[in-house]
Each structure stands twice: as structure tokens, then as C-alpha cells.
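Enquirer: Sequence and predicted structure are below.
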Amino acid sequence: MSTLRELRDQGWGLTIYCEPSEGAFCTHSWTVNWDQLIQYFGYDFEPDVHRDEFLGRLKCERCGRKCATTRWQPPDRRGYLMRGMGSHNHVDTRTTAEKEEDQRLAAMVALRTAEQVNQAQAQRKANKAAEQAKRYRESGRDPIGPPNPWARRKKGRWL
């Protein structure tokens, strides 16, 4: 890769995703404003060389975590709306190999996303079960079944 100035001038695109971790699953993503990124990091910053610093300084706008993953879009594949494939011009100028590559990448992303969702749900379920077990241990109640509705009834009185 190159510096941020060269990437901007060549027309590269960058989308940042909030990465799921430790049972938290934030689906927020945002497209980078190159001018703000250059103002923050500087023209000569190389994101591939200083990857840890680059990702460490990115923070999700929605949840506030610093778990970011990036997706770079080359200049020629940046977006179909820029290449005449919007809602009004339905001419597809891509080759068959490009279409197959897009389908393959979309399938990989969908599979990875589904796996991440399943992992996050399993982690949340395990955390919830652990929290319930902790509450039952602390309260001294029997965790099998609901509490007895007759336990607090005063003796000698009918309902």
C-alpha cells in the first residue's frame, strides 16, 4: 500500500466495521472521509506499515469500542453507482470473471458474518446462564423450578 495521500488521490475506498468480540455484536460500519483521516493521521501515514496504531486509534461511533476491522476497495471496484450501474442505468460492464469473483466474495462474507453472529449469540447465552447461576447461588434459592407460591402464606389463614 501507500500513504494516505496516495490512497486518496488514486481513488481507493475504505470502510470500517465494528468487529464483534466477547459476546458484543455491533453491526455498525462507516465509510471513511479521507480529509478527516488525513487530518487525524497525516499525509505520510502508511496504514499497512503501522496497522496496529491505525486500528488502535479507530473507535466505533455507535458503541464506543476500539474493535475495528477494515475493508479496502480498489479504485476500479469502488462502487457500482460510480460505474453506471445505479438505479437508472442497468448496463453491467463487468466481465464474467468479475461477476463470479463478486459472488464468491459475497458468499465468503455472508458465511463469515453468519459464523460471527452464531458465536456472539452462543457467548451471550453462556454469559446469561452464568449470571443466572451466580444469582441463584447468592440468593440461596433452589434453581429448579419457580418459587413456591405457598411458602410465604401465614399459618392459620386462608389465602
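Expert: Arrived safely, thanks for sending.
Enquirer: CA atoms for contacts and neighbours, from now on please.
Expert: OK.
Enquirer: contacting residues around the spatially closest residue to Leu55 that is not a sequence neighbour?
Expert: Distances taken as CA to CA, 6 or more residues apart in numbering place Ala68 nearest to Leu55, at 6.1 Å, with adjacent residues excluded. Listed by CA atoms under 8 Å, 6 or more residues apart in numbering, the contact set of Ala68 reads Ile16, Tyr17, Cys18, Glu19, Leu55, Gly56, Leu58, Lys59, Cys60.
Enquirer: State the mean pLDDT of the longest helix along the chain.
Expert: The helix that spans the most residues within the chain, counting by DSSP state H, is helix 96-139. Average pLDDT, helix 96-139: 82.
Enquirer: List buried residues within the contacts of Ala68.
Expert: Buried by 16 or more other CA atoms under 10 Å: Ile16, Tyr17, Cys18, Glu19, Leu55, Leu58, Lys59, Cys60, out of those.
Enquirer: which one among those gets closest to Glu115?
Expert: Distances from Glu115 to those, taken as CA to CA, are shortest for Glu19 (12.7 Å).
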